[in-house]
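Colleague: Below: sequence and its predicted model.
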Amino acid sequence: MADNGEPAGDAIFKRFAIQSTPTTLVLGGDGAEVDWFVGYRPPPESFQAKLEKILKGEGTFKALQAAYAASPKDVASIFGLARKWEARDNTTKAQEKYREVIALDPEGKAGSYTDENSWVTASYTEFARLLLATANLWSPNPNPAPVKAFIAQYPKSRLVKVAYMKMSNHYVSGASKEEADKFFSEYTARFPDDPVAAAMWLARVIRDNGPAEKAVELADRLRELSAFVPDPRISQMIARAYDLSGDKDKTEAMYGMTFMQDRVDTLASNLAAYADYWAEKKENLESAAAMAETAARIKPGDPYFIRRVANVYCVAGQEAKALEVYGPDWLERSSPGLAAQDIRNYATFWLRQGKNLDSALAAAKRAVELEPRTYYHWTTLSDIYAKMGNKPEAIKAAERAVELADTKSKASMQKKLEALRGSAPVKK
């Protein structure tokens, strides 16, 4: 491991021309570069999968070099090498390879590439031309003209939308107000349903501190476009637009306490759903447990999220940990503030596990005491008695469930009762 800023680390950074951190660089026994990737995204299993793929020689820099040496006119290999160099911020070598792609396949007939970030698919040549055109947009003197030329050359390409998006950063901060208005008018007219177009224009209006009317117009449009998947960054931008107009009520409604609490609730639910997904598959359980625990911390005291943690532990065979977080001690501590349904859920959880049945029975009895006329509580009580082999009490509870059941549930409950009666003598 090499740390930037330390003598040994600096020497390695210099030797391999590493520009960004973290960079994972895999070397062969001869010290030659086999492959690399820049950045890190959890979970760690994803990082491990990338390393395993490199060790198998799949799509590595070394493999691409070998393919290129064997067939110097193989456009796919050349484009792959260009992407590798671009990932290392070696724009000189990347651009050299992009130009090679264009020279060998000017009509773009040699194959296509799918960008892993935008999921847009286009020919190697189209990508090469766009990436060359956008190369200087982040330079001290950006020039969008090559990108506009690309759009004119490929007006129907799926990369046109990407081209506009890449140019938008320049027009948010590096152009005059008049130039920006013209560009964003064109961008939003061409892609009226793209929230990115509206968001970038709004960012420019906010940067210019108005006009407030335009800011509110764009904010309302952006709010409509992003309603299905709200993004906190977008919501903050919309709130700033309402601020410009002096509408404090809309600002609070858009980005106030209620908004953030909704986001917190959504995050906890998403984490729990992730945990449930992997628990159901019985895979990735360490990550599932970590996400379930995070959800429970976000929503402290909420039985639903605590139950999700216990579920992952049970699937992982860690019953002791499940009992620690969602066992008899938890029930005793929490019972005074729990609704009957939460107590019944506890009983049902352990009934399904076939564990901790004494505590589950006590919980089911408590749920019946709290809501004696609720059919489901008696059903759970009957099921637990049956699981514990106490058929007479199971029958009594089932009889009460039949009495309370609605028309839809009565038939199935009656069948369950008959099965119980047929499997054991009834004690008077």
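Modeller: Cool, the structure landed.

Colleague: How about the backbone phi and psi for the closest residue to L357 other than its chain neighbours?
Modeller: Spatial nearest neighbour of L357, chain neighbours left out: M388 (5.5 Å); criterion: CB to CB, 6 or more residues apart in numbering. Where C-beta positions appear, they are placed from N, C-alpha and C, glycine not excepted. Phi and psi for M388, reported as degrees, to the nearest 10, are phi -90, psi 0.

Colleague: how many other residues sit next to M388?
Modeller: 15 (other CB atoms under 10 Å).

Colleague: same deal with P192?
Modeller: 11.

Colleague: Provide the secondary structure category for it.
Modeller: Per DSSP: H, G, I helix; E, B strand; the rest coil, the secondary structure class of P192 is coil.

Colleague: Show the low-confidence segments of the stretch 51-200 of the chain, by residue range.
Modeller: Within the stretch 51-200 of the chain, no stretch has pLDDT under 70.

Colleague: how about the strands in it?
Modeller: For the stretch 51-200 of the chain, the strands defined by DSSP state E, counting those that start in this stretch occupy 112-114, 121-123.

Colleague: For E45, find the nearest of these.
Modeller: Across the strands of the stretch 51-200 of the chain, E45 has its closest neighbour in strand 112-114 (22.9 Å, CB to CB).

Colleague: that older thread, out of the strands of the stretch 51-200 of the chain, which one sits most buried?
Modeller: When the strands of the stretch 51-200 of the chain are scored by mean count of other CB atoms under 10 Å, the highest mean neighbour count falls to strand 121-123 (a mean of 19).

Colleague: returning to that earlier point: and the strands of the stretch 51-200 of the chain as CSV, adding distance to K62?
Modeller: What follows is the strands of the stretch 51-200 of the chain, written out as CSV (distance: least, CB to CB, whole Å):
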stretch, distance to K62
strand 112-114, 20
strand 121-123, 26
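
Colleague: Nearest to G317, out of the ones you listed?
Modeller: Nearest of the strands of the stretch 51-200 of the chain to G317, taken as CB to CB: strand 112-114 at 40.0 Å.

Colleague: Just to check, S118 is in contact with K166?
Modeller: No. S118 lies out of contact with K166 (CB atoms under 8 Å); the separation is 10.3 Å.

Colleague: Which one's more surrounded, those two?
Modeller: In terms of neighbours (other CB under 10 Å), K166 is the more surrounded of S118 and K166; the figures are 18 against 12.

Colleague: my guess is the more buried one meets T134, correct?
Modeller: Yes. Counting by CB under 8 Å, K166 touches T134, with 4.8 Å between them.

Colleague: Now the common contact residues for the two.
Modeller: Taking CB atoms under 8 Å, 6 or more residues apart in numbering as the contact rule, K166 and T134 both touch V147.

Colleague: and the nearest residue to Y326 once chain neighbours are set aside, what does it touch?
Modeller: Distances taken as CB to CB, 6+ apart put A310 closest to Y326, at 3.6 Å, once the chain neighbours are dropped. Contact partners of A310, counting by CB under 8 Å, 6+ apart, are A322, L323, V325, Y326, F349.

Colleague: and what of A362?
Modeller: Neighbours of A362 in contact, by CB under 8 Å, 6+ apart: L331.

Colleague: Tell me the secondary structure of A17, please.
Modeller: Three-state assignment for A17 (three-state DSSP): coil.

Colleague: and it, how many residues sit next to it?
Modeller: Neighbours of A17 using other CB under 10 Å come to 10.

Colleague: Tell me if I'm right that it and N90 touch.
Modeller: Yes. Counting by CB under 8 Å, N90 is a contact partner of A17 at 6.5 Å.

Colleague: Let's check: the centremost residue of this protein is which one?
Modeller: N270 (8.6 Å; CA atoms, centre = their mean).
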